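Trainee: structure for this input, please:
(chains A, B, C and D)
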Protein chains: 2
Amino acid sequence: MLDAEERILDAAVEAAAVHGITRLSVADVAKRAGLSRPTLYKHFPSKEALIAAAVQREAGAMVGAVNTVVDGIDEPRAALRAGVLLALRLVRDHPLLDRVVRTEPEVLVPLLTTDEGLVMSAIRLPVEQMVARKFPHLDAVAVRRLADILTRLLVSYALNAPDDPPEIVAALVAAVLADGAASLPSIAAHTVTEETR
Amino acid sequence: MLDAEERILDAAVEAAAVHGITRLSVADVAKRAGLSRPTLYKHFPSKEALIAAAVQREAGAMVGAVNTVVDGIDEPRAALRAGVLLALRLVRDHPLLDRVVRTEPEVLVPLLTTDEGLVMSAIRLPVEQMVARKFPHLDAVAVRRLADILTRLLVSYALNAPDDPPEIVAALVAAVLADGAASLPSIAAHTVTEETR
DNA sequence: AGATTGACAGATGTGGTAAAAGTGTCAACA
DNA sequence: TGTTGACACTTTTACCACATCTGTCAATCT
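Mentor: Numbering: from 1, shown residues only, chains lettered A, B, ... in the order given. Take a look at the predicted model:
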């Protein structure tokens, strides 16, 4: 049998994807995990801690996957494009994130505005580390600023799906951030077909 | 005496900045404009039309100001920087916009997500036209994509104020979009002092 | 003993309703 | 012609009874 806490986190993500974040109840999570509420409270001290652990696990998995892809490519612009592409696909295909953005986006507002941009700062850290590894010639300040721009674009694409497919967007962002507007015409239609998995 | 409709729009913006968008009442607007509700309804057929006219006027003024500044500068990167700087200052100093983002950002959610990104598409049009004028060597598709990125960044900065001052952000965005990451180190501290008005 | 659970107290959220405020439109007035 | 008090209708607010949920026991089971 899987680790109990992993099973509980799976149940939490599943329940949230079905009923939404605002309607998430620990009774529902416990039932899906095959145990009762008091047992669940032995593993997680509160509902808030349960949610925090779940989002941390989901976000960590995404960051790890993107990190792996990025580190497997030497050339900065190609690595950037592959990382952005994977990130776009992960957020688009994540059932819970998709559910929240589509049906209850208002819960994201406090995370994006009030809490000093909690989401922004959480995403910016791994993004900044990746940028630092791929653009070693940039100093720390330039890295931070480039990471800020990239983070804002990623959040924007996650909240408001672009018209173009992820392959185009990834190639576009990588081209502009790496080489500026002058490199834009190099993003031709063939990029789509050859990159489509 | 000023034109009645202009006075009504002034009153509407003022009332919304004080009481918020959700608490905006046409009785309040009428009182501030120095007339009664029935008279106000002679000028605007409904509350919805009044709000639409107000945001259209405010947005139009901003777009016009940015357009003027951008068209006064030939060099693309400098024009881009000046336009972004002015846009950042305008949104930061706009009392109503500031009030909405700070105290009732949830009203922005439907505008940014559901309505097919009504705000995004409204802002993208003038941005796209400016980009097309300043980067004439780019084809229509490249212009649209560059404008999309610029629009997303502007909206992001409006919703979530950056750590750096507008002068830095403007120089940064202009440098990256025009020439890519390689041009980043050229954004030094002197840029701030010499640009601060 | 260690893990699990039914059951409880307090907090939180839901549904329904009556009062209040707001919208849009008259006919009457200046 | 331009303005407004007053009206019907809709939407919002305030309240309360009720249901649900959270977090924590002591009791139960293995």
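Trainee: show me how chain A divides into domains.
Mentor: A:1-44, A:56-195 (automatic domain parsing).
Trainee: for these, give me TSV that also has mean pLDDT, distance to DNA strand C and mean neighbour count.
Mentor: For every residue, glycine as well, the C-beta is placed using N, CA and C. Below are the domains of chain A laid out as TSV (pLDDT from 0 to 100; distance: least, C-beta to the nearest atom of the strand, whole Å; neighbours: other C-beta atoms under 10 Å in any protein chain shown):
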stretch	mean pLDDT	distance to DNA strand C	mean neighbour count
domain A:1-44	93	3	16
domain A:56-195	88	12	18
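Trainee: how about those domains, which one is nearest chain B?
Mentor: Set against chain B and scored by C-beta to the nearest C-beta, those come closest in domain A:56-195, at 3.5 Å.
Trainee: to DNA strand D, which of the domains of chain A lies closest?
Mentor: domain A:1-44 (3.8 Å; C-beta to the nearest atom of the strand).
Trainee: for stretch A:87-105, how far is the first residue from the last?
Mentor: 19 Å (C-alpha to C-alpha, to the nearest Å).
Trainee: quick one: contacts of it?
Mentor: Identification of contacts with stretch A:87-105 by C-beta atoms under 8 Å, 6 or more residues apart in numbering or on different chains yields A:13, A:16-17, A:20-22, A:58, A:62, A:65-66, A:107-108, A:154, A:157-159, A:161, A:166, A:169-170, B:109, B:112-113.
Trainee: mind giving me the packing neighbours of whichever helix in chain A runs longest?
Mentor: Longest helix in chain A, counting residues (DSSP state H): helix A:47-71. Other helices and strands packing on helix A:47-71, by 3 or more C-beta pairs under 8 Å, 6 or more residues apart in numbering or on different chains; DSSP states H and E, are helix A:4-19, helix A:26-33, helix A:76-93, helix A:118-134.
Trainee: just checking, what packs against the second one?
Mentor: Judged by 3+ C-beta pairs under 8 Å, 6+ apart, the packing partners of helix A:26-33 are helix A:4-19, helix A:37-43, helix A:47-71.
Trainee: CSV for the ones you listed, including distance to DNA strand D?
Mentor: Conversion of those to CSV gives the following (distance: least, C-beta to the nearest atom of the strand, whole Å):
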stretch, distance to DNA strand D
helix A:4-19, 9
helix A:37-43, 4
helix A:47-71, 3
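Trainee: how about a markdown table for those helices, with distance to B:V29 added?
Mentor: Formatted as a markdown table, the helices and strands packed on helix A:26-33 follow (distance: least, C-beta to C-beta, whole Å):
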| stretch | distance to B:V29 |
| --- | --- |
| helix A:4-19 | 41 |
| helix A:37-43 | 51 |
| helix A:47-71 | 42 |
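Trainee: sorry, back to before: nearest to A:L50, out of the domains of chain A?
Mentor: Minimum separation from A:L50 across the domains of chain A (C-beta to C-beta) falls at domain A:1-44, 4.2 Å.
Trainee: could you give the separation of that closest one from the chain centroid?
Mentor: 22 Å (C-alpha atoms, centre = their mean, to the nearest Å).
Trainee: go on, stretch A:164-171?
Mentor: 16 Å.
Trainee: so does that stretch get close to chain B?
Mentor: Yes. Against chain B, stretch A:164-171 shows contacts by C-beta under 8 Å from any C-beta of the partner chain at A:164, A:168.
Trainee: and what of stretch A:143-160?
Mentor: Yes. Stretch A:143-160 is in contact with chain B by C-beta under 8 Å from any C-beta, via A:145-146, A:148-149, A:152-153, A:155-157, A:159-160.
Trainee: leaving out chain neighbours, which residue sits closest to A:L80?
Mentor: Once flanking residues are discounted, A:L80 sits nearest to A:A174: 4.2 Å by C-beta to C-beta, 6 or more residues apart in numbering or on different chains.
Trainee: and that neighbour, how far from A:V70?
Mentor: 11 Å (C-beta to C-beta, to the nearest Å).
Trainee: what do these two both touch?
Mentor: A:L80.
Trainee: mind listing what A:V119 touches?
Mentor: A:108, A:111-112, A:155.
Trainee: cutoff 6 Å now
Mentor: A:111-112 (C-beta atoms under 6 Å, 6 or more residues apart in numbering or on different chains).
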